[in-house]
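> sequence plus the predicted model coming up.
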Amino acid sequence: MSRSLMDQHDGVLFDLDGVLYAGPRAVDGAVSALEELRRRETPCGFVTNNASRSAEEIAAHLNDLGMVASASEVFGSAPAGVALMGREVPAGAKVMVTGSAYLRQLVEAAGYRVVDSAAARPAAVIQGFDPQLRWTDLAEAAFAVNDGARWFATNLDMTIPREHGIAPGNGALVETIGRATGTIPTAAGKPEPLLFQQAAESLGLQAPLVIGDRLDTDILGGNRARFTTVLVLTGIDSRESAAAADTAHRPDHVIDSLSELFAEDPAGAVT
């Protein structure tokens with residue numbers, strides 16, 4: 001009997017940028033795919049490395065684009081980054097936030113004292129994506145790291161799909177500080193498997209399908225979590241890059257769009 005990809009899994013864990021939307025617009029086929037999954041009552045989670053917006057803001061954006069979502073279904077790298085920092089830096093310590101107002105709120109809520117200058121001698125710097133970051137913000141972070149502050153990053157995505165094309169991501173800004181300090185940060189988010197595992201556990205999933213557009217974060221992270229992975233060709237990577245990837249970065253399936261989730265006997269397996 002013919003079966004679709006969705007017939008073989010109990011839920012879906014989606015990446016966002018390049019999979020469901022690109023900036024202010026929905027990716028072609030995303031709205032109808034989410035509608036069909038909701039009609040089937042298939043559990044859906046949204047696993048994102050974007051640390052600039054809260055779960056509530058991300059869910060609201062999805063709903064504005066016609067995709068039903070709730071904040072409880074969103075799993076982001078900003079909370080993961082703060083939790084990671086909490087393992088090594090005690091509450092009450094001074095922390096410099098090189099990132100969004102949302103990341104700053106999370107750091108304050110975790111009991112840290114947020115400072116804006118390397119002269120304040122922060123114990124740690126935590127860096128997340130924020131399109132409003134300035135050169136002076138990056139410089140202060142570099143000064144603090146060079147003075148001995150621990151350095152954490154919510155994620156290391158080098159690029160991010162936007163409405164008009166591919167733009168520098170948090171990883172590119174992290175690399176800027178890395179070149180100025182000769183160090184690398186301790187990073188949370190994808191491709192670490194924790195976000196996928198937390199999402200699956202929260203949604204009660206045993207065999208979810210992980211869908212993303214990037215081999216270096218979505219697919220590698222899903223593979224590390226030992227879930228079935230699908231590369232969708234609406235974002236960063238291509239069928240050619242998937243075929244050339246090593247085993248750790250290679251998806252189980254490649255599809256042109258999310259509509260193929262429901263096709264019988266999908267022809268996108270990568271061997």
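Perfect, thanks for sending it. Numbering: from 1, shown residues only.
> what's the pLDDT at the closest residue to residue 184 other than its chain neighbours?
What sits nearest to residue 184 in space, not counting adjacent residues and going by CB to CB, 6 or more residues apart in numbering, is residue 178, at 5.7 Å. C-beta coordinates here come from the backbone N, C-alpha and C atoms, glycine included. Note for residue 178: predicted pLDDT of 98.
> was I right to think residue 178 contacts residue 185?
Yes: using CB atoms under 8 Å as the test, residue 178 is close enough to residue 185 to be in contact (7.5 Å).
> these two: which is more packed in?
Neighbour tally, residue 178 and residue 185, criterion other CB atoms under 10 Å: the higher count belongs to residue 185, 21 against 17.
> follow-up on the earlier one: the residue nearest to residue 184 and residue 17: what is the separation?
23 Å (CB to CB, to the nearest Å).
> quick check: the nearest residue to residue 200 once chain neighbours are set aside vs residue 194, distance?
Once flanking residues are discounted, residue 200 sits nearest to residue 208: 5.3 Å by CB to CB, 6+ apart. Residue 208 sits 15 Å away from residue 194, going by CB to CB.
> who's more crowded, these two?
residue 208 (25 against 18).
> show me the contacts for that one.
9-13, 43, 45, 196, 199-200, 227-228 (CB atoms under 8 Å, 6 or more residues apart in numbering).
> hmm, which of the residues you listed are the buried ones?
9, 11-13, 43, 45, 196, 199-200, 227-228 (16 or more other CB atoms under 10 Å).
> for the most centrally placed residue in the chain, what are its contacts?
Central residue of the chain (CA atoms, centre = their mean): residue 49, 2.0 Å from the mean position. Residues near residue 49 by CB under 8 Å, 6+ apart: 76-77, 129, 154-155, 157, 170, 189-190, 217.
> at 6 Å instead, please
77, 155, 157, 189-190 (CB atoms under 6 Å, 6 or more residues apart in numbering).
> which of those sit farthest apart?
77 and 157 (9.1 Å; CB to CB).
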